[in-house]
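S.K.: my questions are about this predicted structure, shown below with the sequence.
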Amino acid sequence: MDYEENQPQIDLKLDRRRADDLGVSVEEIAFTLQSMFASKQVSTYVDRGREYPVIVQAKAQDRKDLDSLANIFVRSVDADTGTRKLVPLSVFVSAKETAAAAELRRFDYMEEGAAATLPTSVKLSYSGQSKVFKSTSGGAMMSFAFALLIVFLVLAAQFESFVHPFVIILSVPLAIAGAIYSLTLMDLSLNVYSQIGIILLVGLMAKNGILIVEFANQLRESGYTIREAVLRAAVLRLRPIVMTVLSTVLGAIPLVLASGAGAESRIAIGWVIVGGLGLALFLTLFLTPVLYDLMARFARFDNDALDSQSKSPKAERAGEPSA
């Protein structure tokens, strides 16, 4: 739909029968073309303890137009006599100037465009990573929902309250936003592997909220008011939160720097973890205390009657829990 042939291109056509008659292999022709026009490393040499590559390539003036093919030769072998002679590439390689698309945009609007353009008898199908993504997208959303539900139920059992888990769960969207921003910034797609990383963020993000909420609850048991407890918890839990987030981010750095076969999957998961936790580290330190201050008053607490605008005498006698 947006295909535009506005990039100049040269198409090479090989006469395989003539090359075979002259005793020149296709492999040798490809090697010669690559070496003369695109460069190729053929060896190395050592000079004063350092190894340097030996790269062959034709000079710029010898590879600037189509006539350059006539000035490049390959060795042919006579099948009858076995003699070898030089034959120019132009004998069995012809070149044609054409145009091609500078880029191929293959996402976002294919189904919508096909529905408006193609007849109803035509059906779409996918293959490769697109097929995997389409078949698992619904499953990923279900897995994400189950992950949130399981984390919420576990936290509800731990805190014996349905309010405190909400304080922790509401910080999860910040991590997801950070993951999406990092994928966009690094020009990565939302694929199966990045979806796995987002599900992983649900558990990683809950940890930060637990550190603040649990300690704030301990301070309230000692007699602090809601606001005093959460402010003190946020200050005292800053160092462990930063340490755990940094250790997780540093552990994901090898995934971000991955190379070789399968690197795309590791890079996607790595950037989701780095971007999601990196952004959420700063935002949750402010959001979690605010949510706790707003919502903790709706949770049943044994000594709510002690909450006031200043610390109660009970707190002065009992002291406060260790950080």
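M.R.: Ah, there it is.
S.K.: list the contacts for the residue most central in space within the chain?
M.R.: Using CA atoms, centre = their mean, the residue of the chain that lies closest to the mean C-alpha position is A268, 2.3 Å off. By CB atoms under 8 Å, 6 or more residues apart in numbering, the residues touching A268 are 183, 188-189, 191, 193-194, 197. In this view, the C-beta of every residue, glycine as well, is placed from N, C-alpha and C.
S.K.: for it, give its distance to T284.
M.R.: Separation of A268 from T284 (CB to CB, to the nearest Å): 23 Å.
S.K.: pLDDT weak spots in the stretch 51-200 of the chain?
M.R.: Within the stretch 51-200 of the chain, the ranges that satisfy pLDDT under 70 run 79, 105-108, 135-140.
S.K.: relative to R84, how far out is the residue nearest to V24 when sequence neighbours are not counted?
M.R.: Leaving aside its sequence neighbours, V24 sits nearest to S76 (CB to CB, 6 or more residues apart in numbering; 5.0 Å). Going from S76 to R84 by CB to CB gives 7 Å.
S.K.: please apply the same query to V151.
M.R.: On the measure of CB to CB, V151 and R84 end up 73 Å apart.
S.K.: those two: who's more crowded?
M.R.: Counted by other CB atoms under 10 Å, V151 and R84 do not tie: V151 has more neighbours, with 19 against 11.
S.K.: from the contact counts, what lies against the helix or strand harbouring that one?
M.R.: Per DSSP states H and E, V151 falls inside helix 128-159. Packing partners of helix 128-159 (3 or more CB pairs under 8 Å, 6 or more residues apart in numbering; DSSP states H and E): helix 163-169, helix 192-221.
S.K.: just how off-centre is stretch 223-230 within its chain?
M.R.: 41 Å (CA atoms, centre = their mean, to the nearest Å).
S.K.: right, and the helix or strand after the helix or strand harbouring A100?
M.R.: In this structure, A100 sits in strand 93-101 according to DSSP H and E. Of the helices and strands lying after strand 93-101 in sequence (DSSP H and E), the nearest is helix 110-117.
S.K.: tilt between that following helix and helix 128-159?
M.R.: If you take axes from the mean of the first three to the mean of the last three CA atoms, to 10 degrees, helix 110-117 sits at 130 degrees to helix 128-159.
S.K.: quick one: contacts of helix 110-117?
M.R.: 1, 122, 124.
S.K.: mind running it again at 7 Å?
M.R.: Contacting residues not belonging to helix 110-117 are listed as 1, 124 [CB atoms under 7 Å, 6 or more residues apart in numbering].
S.K.: next: stretch 4-15.
M.R.: Against stretch 4-15 from outside (CB under 7 Å, 6+ apart): 26, 29, 92-102.
S.K.: then stretch 59-76?
M.R.: Residues contacting stretch 59-76 (CB under 7 Å, 6+ apart): 22-24, 28-29, 32, 36-37, 84-90, 93, 95.
S.K.: return the distance of it from the chain's centre.
M.R.: Worked out by CA atoms, centre = their mean, stretch 59-76 lies 42 Å from the chain centre.
S.K.: and if you look at stretch 271-290?
M.R.: 18 Å.
S.K.: kindly report the same for stretch 121-135.
M.R.: That offset, for stretch 121-135, works out to 22 Å (CA atoms, centre = their mean).
S.K.: buried ones in it, by neighbour count?
M.R.: Neighbour counts over stretch 121-135 (16 or more other CB atoms under 10 Å) mark F133 as buried.
S.K.: same question for stretch 64-82.
M.R.: 68-69, 72, 74, 76.
S.K.: ends of it, how far apart?
M.R.: 34 Å (CA to CA, to the nearest Å).
S.K.: same thing with stretch 83-96?
M.R.: Using CA to CA, the two ends of stretch 83-96 sit 32 Å apart.
S.K.: could you give me the buried positions within it?
M.R.: Buried-residue list, stretch 83-96, by 16+ other CB under 10 Å: 87, 89-93, 95.
S.K.: starting at the chain centroid, how far to that stretch?
M.R.: Per CA atoms, centre = their mean, the centroid offset for stretch 83-96 relative to its chain is 46 Å.
S.K.: now stretch 150-157
M.R.: 29 Å.
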